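> pasted the sequence and its predicted model underneath.
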Amino acid sequence: MKMSMKCRYGLRALVDLAVFSEQGHVALHEIAKRQEISLKYLEQDFSILRRAGIVKSVKGAQGGYHLSRPASEIRLSEIIAVLEGDLLLIEVDDSEQTDIRSFLTHSMWTLMNRSVQDILHSLTLSDLVDDYREQQLGEGMYFI
Amino acid sequence: MRISTRGSYAMEAVLAIALLPGDHIVSIREISDRTRISDNYLEQIFTLLRKGGIISSSRGAYGGYRLSRSLSEISVGDVLRATEKSISPVICVEDPKSCRKSVKCVTRNVWCRLSKGIADTVDHISLADLVKSFEEETSPGNTEYSI
């Protein structure tokens, strides 16, 4: 079970954006530099996030991105569903059904999928921004 | 983010053994008949389960596989850990050294919480629990499943 790179990098970039876009929009190359993520990679992620209505872009030489809503209104469940395609820990096997397979699907796997969804639904981007600020206060330089 | 087919098939196979009466010694063929998972795939899974201490094997004419502990002593988490490379969504949860940023990383907190949530769920469900609810659901007295 692994989170994709798209999702891990995308979430880090979004926390960076949330922290640094308070004074206006942020250029992707700045995020790329701070987070050490390739610009090409971020461009792909941000085009997905823009179409999903999580970020907005400002065109032009001084252009960049900002969040489309306050960070406290953007749940991690929404972000990760967009970047991963869904929030399922386990895909329902639609090959031949047996009594054991259908039992595990509706009892065990559904329960696990729900526990992941509940945790991600309970967290917003602003929780991560708070974590970041708290850590910054604690000791000098912190990563996102 | 996925539990692999290997992990979910391993759960099916282990539950199939657990549903047999008593301290039953099973063959790959019996479990394959019950779960519809191929013999070849089951052999790979059983090797992992044996290494992970979930099942033990005995050789000879009456040889086969059996669970190595009682049903209440084997959790879903045990089976998944034996067959999945990791049940954490991101490698840095188990191995902070995998990323030089991990000590001070904010997004790692999310992966750790997620990992803990998943572990809490799978570690608190034993094979005994699954057998009990399986039998409750499929018993003739259960109107939902009776014909």
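The structure has been received and is ready for your questions.

> C-alpha only now, for contacts and for neighbours.
OK.

> and stretch A:86-102, end to end?
21 Å (C-alpha to C-alpha, to the nearest Å).

> do that stretch and chain B meet at all?
Yes: interface with chain B: stretch A:86-102 contributes A:87, A:88, A:89, A:90, A:91, A:96, A:98, A:100, A:101 (C-alpha under 8 Å from any C-alpha of the partner chain).

> which of those are buried?
A:87, A:88, A:89, A:90, A:91, A:100, A:101 (16 or more other C-alpha atoms under 10 Å in any protein chain shown).

> could you identify the most distant pair in those?
Using C-alpha to C-alpha, the two most remote members of these are A:87 and A:100, lying 23.6 Å apart.

> poorly predicted segments of chain A, please.
Filtered on pLDDT under 70, chain A yields the residue ranges A:1, A:92-94, A:139-144.

> near chain B, which residues of it?
Going by C-alpha under 8 Å from any C-alpha, the residues of chain A near chain B are A:1-4, A:8, A:11-12, A:84, A:87-91, A:96, A:98, A:100-101, A:103-104, A:111-112, A:115-116, A:119-120, A:128, A:131-132, A:135, A:142-144.

> tell me where chain A has strands.
Remark: strands assigned in chain A by DSSP state E are A:55-58, A:64-67.

> mind listing the strands the first one pairs with, and their directions?
Neighbouring strands of strand A:55-58 in its sheet, by DSSP bridges, are strand A:64-67 (antiparallel).

> contacts for the partner strand?
Strand A:64-67 is contacted by residues A:17-18, A:21, A:24-28, A:54-58 when judged by C-alpha atoms under 8 Å, 6 or more residues apart in numbering or on different chains.

> now do the phi/psi pair for the residue nearest to residue B:43 when sequence neighbours are not counted.
In this structure, residue B:43 finds its nearest non-sequential neighbour in residue B:28, 7.1 Å apart by C-alpha to C-alpha, 6 or more residues apart in numbering or on different chains. Per-residue torsions, residue B:28: phi -50, psi -40 (degrees, to the nearest 10).

> point out where chain B drops to low pLDDT.
Checking chain B against pLDDT under 70 turns up B:1, B:102-104, B:141-147.

> near chain A, which residues of it are found?
Counting by C-alpha under 8 Å from any C-alpha, the residues of chain B close to chain A are B:1-4, B:12, B:15-16, B:34-36, B:84-91, B:101, B:104-107, B:113-114, B:117-118, B:121-122, B:134.

> narrow those residues to those in strands?
Among the residues of chain B next to chain A, no member falls in strands (DSSP E).

> now the residue nearest to residue B:43: how far from chain A?
For residue B:28, the distance to chain A (C-alpha to the nearest C-alpha, to the nearest Å) stands at 16 Å.

> around that residue, how many other residues sit close by?
18 (other C-alpha atoms under 10 Å in any protein chain shown).
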